[in-house]
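[1] quick one, what's the 3D model for this:
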Amino acid sequence: MKLKKFGRAAMATCLAAGMGIGSIAQAADAYTGYLLVHFTGESADGEQTYLASSTDGYHWTDLNNSQPVLRSTVGEQGVRDHSIVRSPDGSKFWILATDLRIASGKGWSVAQHSGSTKLVIWESTDLVHWSAPRVADVAGSIPSAGCAWAPEAIWDAASNAYIVYWATISPLNGIDKARIYYAKTTDFRTFTPAQMYIDRPGTQGIIDTQILEIPNSYGGFKYVRASGDGQITFEGSQSVLGNWTTIGDLSQIGLSGSQVEGPILYKFNGVIEWGLWVDQYADGKGYLPLKSANLNSAQNWQVLASGSYNLGPNRKRHGGILNLTAAEMQRVTAQWGAATPITRFQSANFPDRYVRHSNYQIRIDPSVSPAADAQFRLVKGLANNSGYVSFASVNFPGYYLRHSNYGLVLAAYDGSPQFAADATFKQVAGLSDTTASSFQSYNFPDRYIRHNNYVLRIDPVSTQTDRSDATFKVTN
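    Coordinates of the predicted model:
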């Protein structure tokens, strides 16, 4: 879902003047950037939450050193097919994703017919600090439901609620296939019972539906949706839950459903143009970008010329794009945008030993093998990115050092405020050597990272031995 939202002041001004939704769109705060949320594939770490940003919608930069920003610690502990949602007043954001981990070896047949009927959801007020993930069993009430895939959401003023929609494979009227269902919610915690939304004739299934709200004056529809139903089919409507008119499909420009899937729709900032990405799944080539200046015909889509775009080093798989204000773009890139070098942390009083993880515990050891166990990136603090840092593992992407009962462990970042606080430290001059560094706990500021019998923990520091144990040299 790529729904453009409007500030309350802009909306009030337009409504007072008797202006329509298209005028409200023009009066809203200007968007200057873009955020893509996605997964990368069926690798060990690919089915997690990745971010990329862009200033023009054509050239994209992987965030967080091309590593996962959030990991799912619930359900199947893997997520795919992300979407990102902005509240009408811009005060909240949600990431929705399919609860699925194909990398676990379960296979596609099991995933389709005996998979999770839940969605995985994160919530944020600033696009930087996210809640812990939670699951919502939106499809569990559908008889013999086999899955709940590719969730999306759009605010529907007529319902005074978000319409959340997804694909479920289940038998109905003797035909077992994928159909699009929907439920309503106001908080992404409680949902109305699932109802049928889109069903294609006969045995034809449908997946990967995305709805874009557009100004009325462009293309003749208030809403346009793209779906995978044997083709990439476009439809238009004046209401989210109303009747939809077929516009066409990409076979009209030579792209069939046997070649591409997983459409992403979004609006380019500042111009009357829209973008479309389609996943070239048949050839394993990743996304192919297209654009259009008029959505009233599928023939208006044009494939971008090679060299006119760059999607970044990570392979992007089915995701969602959110238009960002300048302030939102600054927050996101300040937290996740800087490329950070790989470092090691050498004990000041045992210089042959380095900080490393071993079975998720943190200690100092000599001759670390594999060497990557002692390699970290010192990134912006998860709880506070101004003057604080966090330790990101190199060989366990998405894992960070955090304290638990004062002991240090390596754990997957789930987005929760508690995890962020436990994994954030202030880097200060070394307590026993000012040319080195010490690390003060963010949420227990009277405690510092130190080793005790070679095991790392956070402790108060009072003696010279304590200060030496809490001092490390940052090296490459």
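[2] just the strands in the stretch 151-300 of the chain please.
    Secondary structure of the stretch 151-300 of the chain (DSSP state E, counting those that start in this stretch): strands at 161-172, 175-185, 195-198, 207-213, 223-228, 232-237, 245-249, 261-267, 274-279, 287-292.
[3] can you show me the CA trace of the second one as PDB?
    When you say that, I think you mean strand 175-185. Taking Å, rounded to 0.1, in the frame of the first residue of the first chain, the C-alpha atoms of strand 175-185 are listed here in PDB:
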ATOM      1  CA  ILE A 175     -12.000 -24.900  -5.900                       C
ATOM      2  CA  ASP A 176      -8.800 -24.600  -3.900                       C
ATOM      3  CA  LYS A 177      -7.000 -21.400  -4.900                       C
ATOM      4  CA  ALA A 178      -5.800 -18.000  -3.800                       C
ATOM      5  CA  ARG A 179      -8.300 -15.200  -3.200                       C
ATOM      6  CA  ILE A 180      -8.000 -11.800  -1.700                       C
ATOM      7  CA  TYR A 181      -9.700 -11.300   1.700                       C
ATOM      8  CA  TYR A 182     -10.000  -8.200   3.800                       C
ATOM      9  CA  ALA A 183     -10.700  -7.100   7.400                       C
ATOM     10  CA  LYS A 184     -11.100  -3.700   9.000                       C
ATOM     11  CA  THR A 185      -9.000  -2.300  11.900                       C
END
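[4] what lies in contact with that strand?
    Residues from elsewhere that reach strand 175-185 (CB atoms under 8 Å, 6 or more residues apart in numbering): 113, 138-139, 142, 149, 153, 156, 159, 161-170, 172, 191-200, 202-207, 209, 227, 241. In short, each C-beta sits where N, CA and C put it, glycine included.
[5] what inclination does that strand have with respect to strand 161-172?
    160 degrees (axes from the mean of the first three to the mean of the last three CA atoms, to 10 degrees).
[6] where along this protein do the helices fall?
    8-16, 21-27, 108-113, 326-336, 417-422, 464-469 (DSSP state H).
[7] how about the fourth one: buried residues?
    Of the residues in helix 326-336, those scored as buried under the neighbour-count criterion (16 or more other CB atoms under 10 Å) are 328-329, 331-333, 335-336.
[8] so who does the residue most central in space within the chain touch?
    Residue closest to the average C-alpha location in the chain (CA atoms, centre = their mean): Val37, at 3.6 Å. If a contact means CB under 8 Å, 6+ apart, then Val37 has 49-51, 82-84, 95, 319-320, 322 as its contacts.
[9] at 10 Å what do you get?
    Contacts for Val37 (CB atoms under 10 Å, 6 or more residues apart in numbering) come out as 49-52, 69-70, 79, 82-84, 93, 95-97, 122, 127, 316, 319-322.
[10] ok, now Ala97?
    Contacts of Ala97 by CB under 10 Å, 6+ apart are 37-39, 47-49, 70, 72, 75, 78-84, 119-122, 133, 150-151, 318-320.
[11] make a PyMOL selection of the buried ones in those residues.
    Buried subset of the contacts of Ala97, written as a PyMOL selection, criterion 16+ other CB under 10 Å:
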select buried, resi 37+38+39+47+48+49+70+72+75+78+79+80+81+82+83+84+119+120+121+122+133+150+151+318+319+320
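[12] the contacts of Ala97 in strands, which ones?
    If you go by DSSP state E, the contacts of Ala97 have 37-39, 79-84, 119-122, 150-151, 318-320 in strands.
[13] count of neighbours near Lys407?
    Actually, residue 407 is Gly rather than Lys. Neighbourhood size, Gly407 [other CB atoms under 10 Å]: 14.
[14] should've said Glu42
    16.
[15] isn't it right up against Gly107?
    No - contact criterion CB atoms under 10 Å: Glu42 and Gly107 do not qualify, at 11.0 Å.
[16] and Lys291, how far is that from Asp199?
    Distance, Lys291 to Asp199, by CB to CB, to the nearest Å: 30 Å.
[17] who has more neighbours out of those two?
    Neighbours were counted for Lys291 and for Asp199 using other CB under 10 Å; Lys291 has more, 19 against 16.
[18] contacting residues around that one?
    57-58, 268, 271, 273-276, 300-304, 308-309.
[19] rerun that using 8 Å as the cut-off
    268, 273-276, 301-302, 304.
[20] of the residues you listed, closest to Arg450?
    Distance to Arg450 across these (CB to CB) is lowest for Gly275, with 50.9 Å.
[21] beta partners of that closest one?
    According to DSSP bridges, the partner residues bridging Gly275 are Tyr266, Lys291.
[22] touching, Trp274 and Glu213? I think so.
    No - contact between Trp274 and Glu213 fails when scored by CB atoms under 8 Å: they sit 11.5 Å apart.
[23] more neighbours: the two, which one.
    More crowded of Trp274 and Glu213, by other CB under 10 Å: Trp274, with 24 against 20.
[24] do you know how far that one is from Pro289?
    Trp274 is 11 Å from Pro289, by CB to CB.
[25] equivalent analysis for Ile264, please.
    Where Pro289 is concerned, Ile264 sits at a distance of 9 Å (CB to CB).
[26] hey, what's in contact with both of these two?
    With CB under 8 Å, 6+ apart as the test, Ile264 and Pro289 both reach 275-277.
[27] now the contacts of strand 175-185: which count as buried?
    Applying 16+ other CB under 10 Å to the contacts of strand 175-185 flags 138-139, 142, 149, 153, 156, 161-170, 191, 194, 197-200, 205-207, 209, 227 as buried.
[28] my guess is Tyr165 meets Ala148, correct?
    No - using CB under 8 Å, Tyr165 is not in contact with Ala148, being 10.3 Å away.
[29] which parts of this protein belong to which domain?
    8-336, 342-475 (automatic domain parsing).
[30] check these for me: which has the lowest mean pLDDT.
    Comparing mean pLDDT across those, the weakest is domain 8-336, with a mean of 91.
[31] please tell me how far the residue lying closest to Gly286 once chain neighbours are set aside sits from Asp126.
    Nearest residue to Gly286 in three dimensions, chain neighbours excluded: Arg315, at 4.9 Å (CB to CB, 6 or more residues apart in numbering). Distance, Arg315 to Asp126, by CB to CB: 28 Å.
[32] so where do the strands sit in the stretch 351-476 of the chain?
    For the stretch 351-476 of the chain, the strands defined by DSSP E, counting those that start in this stretch occupy 354-358, 361-365, 376-380, 389-393, 399-404, 407-412, 425-429, 437-441, 447-452, 455-460, 472-475.
[33] can you list the buried residues in the last one?
    With burial defined by 16+ other CB under 10 Å, the residues of strand 472-475 counted as buried are 472-473.
[34] what's the offset of that strand from the middle of its chain?
    Its chain's C-alpha centre and that of strand 472-475 lie 33 Å apart, by CA atoms, centre = their mean, to the nearest Å.
[35] show me what it is packed against.
    The contact analysis (3 or more CB pairs under 8 Å, 6 or more residues apart in numbering; DSSP states H and E) places strand 472-475 against strand 342-347, strand 437-441.
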